[in-house]
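Peer 1: I'd like to go over a predicted model; first the sequence, then the structure.
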Amino acid sequence: MEKHGGSCLCGAVRFVVTGALKPPDACHCSQCRKQSGHFWASTDVPLAAVTIEGAETLTWYHASAAVERGFCAVCGSFLFWKPLHQDRIAIAMGAFDGPTGTRLEKHIFVADKGDYYAIADGLPQNPQ
């Protein structure tokens, strides 16, 4: 079975995903831009497929009534986006160690994107 590991910058939070990764999307919403410093690329995986080590240093920020964002309390790396009451989690593509075997599939929330960059890769762009 395929496995993909990764971590935060300092290594205090580590994760392993068992199974293939879905093609990631790039989110350009204002929350993702503010938390990551640019747009945020992630892949959605079932919660049951993820093992997290160092959960004691993982902090969850409730960004809205519907979602929470997980980051390392030591180094500040933004790792996870999780809808409440669902059995899935989005994991930052930049946090994976080594190749993922995936390619960006689409852009979302492009109506909120920053004015300082263009999206010119030819992938689908969803306004929301």
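Peer 2: Ah, there it is. Numbering: from 1, shown residues only.
Peer 1: next, the buried residues of stretch 105-123.
Peer 2: Buried positions in stretch 105-123, judged by neighbour count with 16 or more other Cβ atoms under 10 Å: H107, I108, F109, V110, D112, K113. The C-beta positions use only the backbone N, C-alpha and C, and glycine is treated the same way.
Peer 1: quick one: end-to-end distance for it.
Peer 2: With Cα to Cα, to the nearest Å as the measure, the first residue of stretch 105-123 is 7 Å from its last.
Peer 1: do a quick rundown of the helices in this protein.
Peer 2: Counting by DSSP state H, the chain has these helices, from start to end: 30-36.
Peer 1: most centrally placed residue in it?
Peer 2: The C-alpha lying nearest the average C-alpha coordinate of the chain belongs to A92 (Cα atoms, centre = their mean; 2.9 Å).
Peer 1: Provide the partner residues of that one in its beta bridges.
Peer 2: Beta-bridge partners of A92, counted by DSSP bridges, are S42.
Peer 1: I'd say it and D44 touch.
Peer 2: No: in this structure A92 lies outside contact range of D44 using Cβ atoms under 8 Å: 11.8 Å.
Peer 1: just the strands in this protein please.
Peer 2: Taking DSSP state E, the strands of the chain run over residues 3-7, 14-18, 25-27, 40-46, 50-53, 58-62, 67-72, 78-83, 88-92, 106-108.
Peer 1: so can I have a markdown table of those strands showing mean pLDDT?
Peer 2: Converted to a markdown table, the strands of the chain look like this (pLDDT from 0 to 100):
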| stretch | mean pLDDT |
| --- | --- |
| strand 3-7 | 98 |
| strand 14-18 | 98 |
| strand 25-27 | 97 |
| strand 40-46 | 97 |
| strand 50-53 | 97 |
| strand 58-62 | 96 |
| strand 67-72 | 97 |
| strand 78-83 | 97 |
| strand 88-92 | 98 |
| strand 106-108 | 98 |
